[in-house]
Every structure is written in C-alpha cells, then in structure tokens.
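Chemist: pasting the sequence and the predicted coordinates here, then a few questions.
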2 protein chains.
Amino acid sequence: MGATKADVFTAEQVKLAQLAKALAHPARVAIVQMLARRGNACVCGDIVDELPLAQSTVSQHLKELKEAGLVAGEISGVQTCYCLSAEGVRFARLALGELLAEPALKPACC
Amino acid sequence: MGATKADVFTAEQVKLAQLAKALAHPARVAIVQMLARRGNACVCGDIVDELPLAQSTVSQHLKELKEAGLVAGEISGVQTCYCLSAEGVRFARLALGELLAEPALKPACC
DNA sequence: GAGAATTATCGTAATATTGCGATTGAAATG
DNA sequence: CATTTCAATCGCAATATTACGATAATTCTC
C-alpha cells in the first residue's frame, strides 16, 4: 500500500511529514529557490519556462506547494502570480529546524 | 511516470529533495524524534515496539533514513543500534534552513 | 462576440512508495 | 550443534506520485 497510517501518528508528525514532502522533489525545490531569488518580482508562468517540465506538470507542483502553505498564488487577469508565503516558509523553517535541532545531538553512541 | 528527471536539476536541488523525502513520512519523523529524545541511549528494535508498524516496515524506514545520512546504524551482536548522525542532521538543518531562509522573504507581493 | 493567451484540470501511463507476511542471515544461548 | 532472537531482505498487493498531452476555463484584445 502506498497508504500511510496517518491516523496513528501525532498531528505534529503528520504536519512535519507534509512539509517535508512538499520539498521532496527537485522541481519543487527549484521553484522555491526561484521564488526566493526573484523576491517580490512575483513570478508567474515564467516558472514553466525555467523548468524542463511541461506546463501541466509545473502547475501540479505549484498546487502541492500551495497546499503545503509554502506558496501563495494570486490570479491577476490572464495570468497567475506566485510567491513564497512568508508565514508558511517561516513555519516550515522553524518546524523542521526544531526536528533537526542541535540539542537533539546528545553524546551520540554509534 | 513516477520517475523524476533528476538529471535536469542541480545536484543541490536533488540533494535537498532527498533530504526532504527522508523526512516526508510520519513514521520517519517519529523515528527521528525518538532517537533525539533517547539521546545516546541508542535505541534498537525498541523502535519497532514504539511504532504501530510491522518490523519489516520499520526496517525499511530506517534504511531510508540511513541512506539519507540522517541516521547511523551499528550492529552489535544480535541487535542493531541506531542513532542520529550528528553530521547528517546538522547538514540537513543547515541545507533546509538555507532553502527556507528569512532573507528569501523579500517584500512579498501576493 | 471571435480569437489569442495563460493556467487549471482531466485522463492516462509509468514508476515509486508503503506495508505486510514470510524468509533469510547472523549471533547469542542452551 | 539445535534453538532462539533480532534484524534485513524478498515478494507481493495497494496506493501515491510524476509526467505528459489534451481539454477546459478564464480573461484580455480585437
């Protein structure tokens, strides 16, 4: 099964996994980097041009990033404008940072 | 295709995606949390007991974490001892932290 | 309103992931 | 050496993901 016994895990664990999954594809990492680089120059379908993927594929990746709360999309006329969600990105950074926090690294045995 | 045009993306992007993917499952998040909590008390098959998953499934998750470099395993006699890889965890924290860095959050448009 | 441009969605195919039981392999124990 | 124990691996089945082309849906321009 590709299923995931999500109900058995903590809400926090599920949320962390969702955030990580949103970044678990090179194309989505590339999109986040691109949006960060462009700042408020708010990219749109340019994303498609910069990626070696079909338009429909890029659209799907954007949808996933949006659903994870990392990216915000705003329709303005014919085209849609995407940019990073400050809130979402910050939450992700803090949450993942905590998961991988330094204090976690006690003496270490093996 | 479930394939991924990995060759078209930056090595950095692929690496980041791999790290994220390793954390993209609640069970694996749970394992990392558990190992962090236990410190150098280096857990073993106890992980299986704490998770609502079969032994073979847990073993696979551990393998993925190990392949991502987040976890180290050491066989000692009949049982295997797992703990967080200080190096791997630190690298992941820095890499993901950079991807989601604050400076990335310029004015923001939408 | 007709047509062009841009993006979202649908349908489909290929591949990956998740999960489990069963088996195997290795080491400790009798 | 037989047995037990622990963990890795194999072989499946179910589901998810990735990707694309084709098709909508929307808006702008003429």
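Modeler: Yes, it's here.
Chemist: quick one: low-confidence parts of chain A?
Modeler: Where chain A drops to pLDDT under 70, the residues are A:1-7, A:40-41, A:103-110.
Chemist: where along it do the helices fall?
Modeler: A:11-22, A:26-38, A:46-50, A:55-67, A:86-99 (DSSP state H).
Chemist: please see if stretch A:28-38 touches DNA strand C.
Modeler: No - on the criterion C-beta under 7 Å from any atom of the strand, stretch A:28-38 is out of touch with DNA strand C, staying 11.8 Å away. C-beta here means a position set from N, CA and C on the backbone, and glycine is covered the same way.
Chemist: whoops, stretch A:61-78 was the one
Modeler: Yes - using C-beta under 7 Å from any atom of the strand, stretch A:61-78 reaches DNA strand C at A:62, A:63, A:73, A:78.
Chemist: so which of the helices of chain A comes closest to residue B:54?
Modeler: helix A:11-22 (18.2 Å; C-beta to C-beta).
Chemist: so which bits of that closest one are buried?
Modeler: For helix A:11-22, burial by neighbour count (16 or more other C-beta atoms under 10 Å in any protein chain shown) applies to A:13, A:14, A:15, A:16, A:17, A:18, A:19, A:20, A:21, A:22.
Chemist: elements contacting it?
Modeler: helix A:55-67, helix A:86-99, helix B:11-22, helix B:26-38 (3 or more C-beta pairs under 8 Å, 6 or more residues apart in numbering or on different chains; DSSP states H and E).
Chemist: with just CA atoms, put it into CSV.
Modeler: Taking Å, rounded to 0.1, in the frame of the first residue of the first chain, the C-alpha atoms of helix A:11-22 are listed here in CSV:
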residue,chain,number,x,y,z
ALA,A,11,-0.7,15.7,14.2
GLU,A,12,2.8,17.3,14.5
GLN,A,13,4.4,14.3,12.9
VAL,A,14,2.0,14.3,10.1
LYS,A,15,2.4,18.1,9.6
LEU,A,16,6.1,17.8,9.5
ALA,A,17,5.9,15.0,7.0
GLN,A,18,3.6,17.0,4.8
LEU,A,19,6.0,20.0,4.8
ALA,A,20,8.9,17.7,4.1
LYS,A,21,7.0,16.0,1.3
ALA,A,22,6.3,19.4,-0.3
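Chemist: what about residue A:97, neighbour count?
Modeler: 15 (other C-beta atoms under 10 Å in any protein chain shown).
Chemist: just checking, it touches residue B:93?
Modeler: Yes - the pair residue A:97 and residue B:93 passes the contact test of C-beta atoms under 8 Å, sitting 6.1 Å apart.
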